[in-house]
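> Please find the sequence and the predicted model below.
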2 protein chains.
Amino acid sequence: MTLPGPIAPPARLLMGPGPISAYPSVLQSMSNALVGQYDPFMTNAMVETQQLYRGVWGTANDATLLVDGTSRAGIEAAMISLVRPGDRVLVPVFGRFGHLLAEIAERALAEVHTIEVPWGQVVPVSAVEEAIVRVKPHLVALVQGDTSTTMLQPLEEVGALCAKHGALFYSDATASLGGNAFEADAWGLDAATAGLQKCLGGPSGSAPITLSERAVDVIRSRKRVEAGIREAGDASADDFVRSNYFDLGQILDYWGPRRLNHHTEATSMLYAARECARLLLAEGREAVIARHRTAGDAMLAGVQGLGLTVFGDVAHKMTNVVAVEIPEGVPGDAARSAMLEDFGIEIGTSFGPLHGKVWRIGTMGYNARKDAVLTTLSALESVLHRFGASTPRGGGVEAAADVFRAAATASSSPVSP
Amino acid sequence: MTLPGPIAPPARLLMGPGPISAYPSVLQSMSNALVGQYDPFMTNAMVETQQLYRGVWGTANDATLLVDGTSRAGIEAAMISLVRPGDRVLVPVFGRFGHLLAEIAERALAEVHTIEVPWGQVVPVSAVEEAIVRVKPHLVALVQGDTSTTMLQPLEEVGALCAKHGALFYSDATASLGGNAFEADAWGLDAATAGLQKCLGGPSGSAPITLSERAVDVIRSRKRVEAGIREAGDASADDFVRSNYFDLGQILDYWGPRRLNHHTEATSMLYAARECARLLLAEGREAVIARHRTAGDAMLAGVQGLGLTVFGDVAHKMTNVVAVEIPEGVPGDAARSAMLEDFGIEIGTSFGPLHGKVWRIGTMGYNARKDAVLTTLSALESVLHRFGASTPRGGGVEAAADVFRAAATASSSPVSP
């Protein structure tokens, strides 16, 4: 075979629903030299990463760490470690990723109950409560932000409901964390997982996770130390987790003071995850959310300024992604290809019932920026014009620019109460 | 909290059993910008990566790809996708990682049968055959190189035995691939997995895997497309894989022409995996193995030249790691710490029955180099001297240098038959 050359990606502005263009310093972090997995530098970097993610999640949970895999590795680790075969799991579904949580629970042989709302809506808390009372679940699994519909499920009240009815509360915040409020402790989460490739501004391949003491107790009760490194006194529970890789009990022992060998930590991805969290906390958690809100509001105003129809309940939209209906007569995939090939800008297609009907445009992490938003709207106007759609000239860019101007004015104003 | 600065690892020469210092161009590859998961550049990079790993594995298997996780993610994906609850699995064990294969099969609720030899030996092929005849396994799972003992299990004849008796044949080549011969097709492998952090010279976090058509047939028979992206005509088998993340059927659909969304490929790790394979094939598969053999022979001669006793059956040692008994009176961990803190060189400790008794010294990937070997031996002599061990002065370095000199002479000689 003829060998290809070194990897040399084309310039891309990733404005889809994720992955998005990573922060430059996150990319740079991965070029740092490796160290051994028990090097004091490495174990300290792990401790620092845990501490940083406590800040990101809004938690004091000791059990705050990374699962080595993509975001759904984190989901599966949480589900399979917390749920025994036959346990009842309640999944309120409002998009594709709710179906994924149900799917993962089904594969873990849980007794899965779902409630569903149409795509574009969120689940009323009253419906969640009704289902909890009816199903009496061991675990309630709820996506916070479902990129398939752009909706942001309110979580604030669900933790208290779960606590009241004795259920564990898990949320997948992959699409939302960093760009929308998330308060693991204040909202009563027992488990939450994410990925780096959305608002955290890193590459896919590492899954931050945080676990409450109650969740850790469940996991510890299923403890099994693997043969080969098992020592006298290491019990093995009968209801051990049906996975070695995702057994959070073992992963906790690797990240904890015992430093019991499990996998070999993915060092470069840990560097990336650490840098994602470091950047977020350095800018300030509230400031990063505000930046996402401004960029998202600007993109929303921009697509509306282009005369496009926004999909779903805008009042419950995530800050960081908007879905717009593809205008009548415009070939959706050809237009996306033109965006990519002629402008180097990626916007997203859709899944399931929305496939071929909407584009999804993200403003996340590094790309929650004025120039990224305005460049995208300008190119989108050009492409819509090329395909014969009628759009107000400059209507997208100027509407978005107004939002950025207003935000800049507000933030430079004297402090008001 | 006070935020830490950007990650800034200390200079380390990683001469343990892995992870080892990655090739510089592999580290650089990860700093490249991300692209979208369905960008033509990305899907082409995935196809290139598959092609490159066919060269690494010695296979024409179409199903040659990456699992997004560390090496044991690849092991678990192979096992859990090929083995149904109750299936008989035979694991010949000759070190810690044999126990791991058995462990993973047990967690998959297989009926696991093991045969064992003492650490430091390999399993006679006759014993493997006897066990196959007796157990009639669905799958034989055999580590090729077990870093816990440094042994390299001969695999050449096992594939034919498995084929004769109707068993699938799987091998974990994490520790050996790239530094020792591996011929997936010629040896009759149905599945093989690895990681990047050993002889392939990359970071942990991506697991190359290759599957024969027979293995793919088993996996396809258990097909289940997840809800949310399932379409009319997508069947769902009753004996579906009890994991979503590790369901190779879904992962194959993501890597295959259907490009059915599963996880979001870990782009930066794919860049790294691609570069690891590209470097290996550019240097030449045989040349890389020869370089590992020379470096390994030199390290072996070197530790013997220092008067150290080598552990295990040297005739069956992997090229890329050697275990040496810690000399009487030398505090093993303090000596390793001195190597790390005073010389920036990492050598390895050991697991299980060898814990505290041997050090493991690796010569892998980028570090299968003369300067890395001689520097390590020189530092080791200094440390042994400091701790009062009697060693022939320069005996390690000169014995190793002789090996490199002889190899250089041999390779620069006129071609002989």
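Structure's in. What do you need? Owing to the predicted nature of the structure, the values given are computational and were not obtained by experimental measurement.
> same question for stretch A:149-160, mean pLDDT?
Average pLDDT, stretch A:149-160: 98.
> residues in contact with it?
Stretch A:149-160 has contacts (C-beta atoms under 8 Å, 6 or more residues apart in numbering or on different chains) with A:17, A:92, A:94-96, A:119-123, A:125, A:128, A:140, A:142-146, A:169, A:171, A:176, A:180, A:182-183, A:187-189, A:311-313, A:316-319, A:321-323, A:354, A:360. Using the backbone N, CA and C atoms, a C-beta is placed for each residue, glycine as well.
> what's the span of stretch A:231-240 from first residue to last?
17 Å (C-alpha to C-alpha, to the nearest Å).
> Tell me which residues of it come out buried.
Of all the residues in stretch A:231-240, those buried under the rule 16 or more other C-beta atoms under 10 Å in any protein chain shown are A:F240.
> hmm, that stretch touching chain B?
Yes: for stretch A:231-240, a contact with chain B is found by C-beta under 8 Å from any C-beta of the partner chain, at A:F240.
> contacts for that stretch?
Against stretch A:231-240 from outside (C-beta under 8 Å, 6+ apart): A:R84, A:S221, A:R222, A:K223, A:R224, A:V225, A:R230, A:D247, B:R107.
> repeat for stretch A:396-411
By C-beta under 8 Å, 6+ apart, stretch A:396-411 touches A:290, A:294, A:297-299, A:301-306, A:370, A:373-374, A:377-378, A:380-381.
> so what's A:H263 up against?
By C-beta under 8 Å, 6+ apart, the neighbours of A:H263 are A:D68, A:Y245, A:I251, A:Y254, B:G69, B:T70, B:S71, B:R72, B:A73, B:S204.
> The last one touches B:S71, doesn't it?
Read it as B:S204. Yes: between B:S204 and B:S71 there is a contact under C-beta atoms under 8 Å: 7.0 Å.
> got any residues that touch both of those two?
With C-beta under 8 Å, 6+ apart, B:S204 and B:S71 have common neighbours A:H263, A:T264, B:G195, B:Q197.
> Identify, from the residues you listed, the entry nearest to A:D217.
A:H263 (23.4 Å; C-beta to C-beta).
> Could you check the pLDDT of that closest one?
94.
> Sticking with it, tell me its helix or strand.
Of the helices and strands defined by DSSP states H and E, none includes A:H263.
> how close does the residue nearest to it when sequence neighbours are not counted get to B:D247?
In this structure, A:H263 finds its nearest non-sequential neighbour in B:T70, 4.1 Å apart by C-beta to C-beta, 6 or more residues apart in numbering or on different chains. For B:T70, the distance to B:D247 equals 18 Å [C-beta to C-beta, to the nearest Å].
> tell me the contacts of the residue nearest the centre of chain A?
The centroid of chain A falls nearest to A:T174 when counting by C-alpha atoms, centre = their mean (1.4 Å). Taking C-beta under 8 Å, 6+ apart, we find A:T174 in contact with A:S71, A:G74, A:I75, A:F97, A:G145, A:T193, A:A194, A:G195, A:K198.
> The first one is in contact with A:Q197, isn't it?
Read it as A:S71. Yes: using C-beta under 8 Å, A:S71 is in contact with A:Q197, at 7.3 Å.
> How about the residues of the stretch 51-200 of chain A by chain B?
A:51-52, A:55, A:68-73, A:76, A:80, A:96-100, A:102-104, A:107-109, A:148, A:195, A:197.
> filter these to the buried ones?
Buried subset of these (neighbour count, 16+ other C-beta under 10 Å): A:51-52, A:55, A:68-73, A:76, A:80, A:96-100, A:102-104, A:107-108, A:148, A:195, A:197.
> These in helices, which ones?
Among these, the residues falling in helices (DSSP state H) are A:51-52, A:55, A:71-73, A:76, A:80, A:96-100, A:102-104, A:107.
> Tell me the predicted confidence for A:A237.
75.
> burial of the closest residue to chain B within the stretch 251-400 of chain A, as a residue count?
Across the stretch 251-400 of chain A, no residue is closer to chain B than A:A266, which sits at 3.0 Å (C-beta to the nearest C-beta). Neighbourhood size, A:A266 [other C-beta atoms under 10 Å in any protein chain shown]: 30.
> now swap in A:G58 and tell me
Neighbours around A:G58, by other C-beta under 10 Å: 18.
> quick one, what contacts it?
A:F182, A:E183, A:A184, A:D185, A:A186, A:R285.
> go with 6 Å
Contacts for A:G58 (C-beta atoms under 6 Å, 6 or more residues apart in numbering or on different chains) come out as A:E183, A:A184.
> Now do the strands in chain A.
A:13-14, A:63-67, A:88-93, A:111-116, A:139-143, A:145-146, A:151-152, A:168-172, A:191-193, A:207-211, A:321-325, A:345-346, A:358-362 (DSSP state E).
> Columns mean neighbour count and distance to B:H385 on top of the ones you listed, output as TSV?
Compiled in TSV, the strands of chain A are given as follows (neighbours: other C-beta atoms under 10 Å in any protein chain shown; distance: least, C-beta to C-beta, whole Å):
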stretch	mean neighbour count	distance to B:H385
strand A:13-14	24	56
strand A:63-67	23	41
strand A:88-93	24	62
strand A:111-116	18	64
strand A:139-143	28	59
strand A:145-146	28	60
strand A:151-152	28	64
strand A:168-172	27	56
strand A:191-193	29	51
strand A:207-211	28	46
strand A:321-325	25	63
strand A:345-346	24	60
strand A:358-362	27	60
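> so which of these comes closest to B:M364?
Per C-beta to C-beta, nearest to B:M364 of these: strand A:63-67, 24.9 Å.
> Could you report the neighbour count for the nearest residue to A:A207 once chain neighbours are set aside?
Sequence neighbours aside, A:G74 is the residue nearest to A:A207 in space, at 2.9 Å (criterion: C-beta to C-beta, 6+ apart). By the measure other C-beta under 10 Å, the count of residues near A:G74 is 27.
> For stretch A:238-251, which residues meet the burial criterion?
A:F240, A:V241, A:R242, A:S243, A:N244, A:Y245, A:F246, A:D247, A:L248, A:G249, A:Q250, A:I251.
> now the end-to-end length of it.
19 Å.
> Just give me how far that stretch sits from the chain centre.
Centre-to-centre, stretch A:238-251 and its host chain are 24 Å apart (C-alpha atoms, centre = their mean, to the nearest Å).
> Equivalent analysis for stretch A:393-403, please.
The answer for stretch A:393-403 is 28 Å, by C-alpha atoms, centre = their mean.
> Buried residues in that stretch, which are they?
Those would be A:G395, A:G396, A:V397, A:E398, A:A399, A:A400, A:A401, A:V403, for stretch A:393-403 by 16+ other C-beta under 10 Å.
> for stretch A:304-320, same thing?
A:304-306, A:308, A:310-313, A:316-320.
> Name the nearest of the residues you listed relative to A:K136.
A:H316 (27.6 Å).
> so what's the closest one closest to, chain neighbours aside?
A:V122 (4.7 Å).
> and that neighbour, how many residues sit next to it?
22.
> Also A:A277?
26.
> Is A:Y254 in contact with A:H262, as I believe?
Yes: between A:Y254 and A:H262 there is a contact at 4.1 Å, judged by C-beta atoms under 6 Å.
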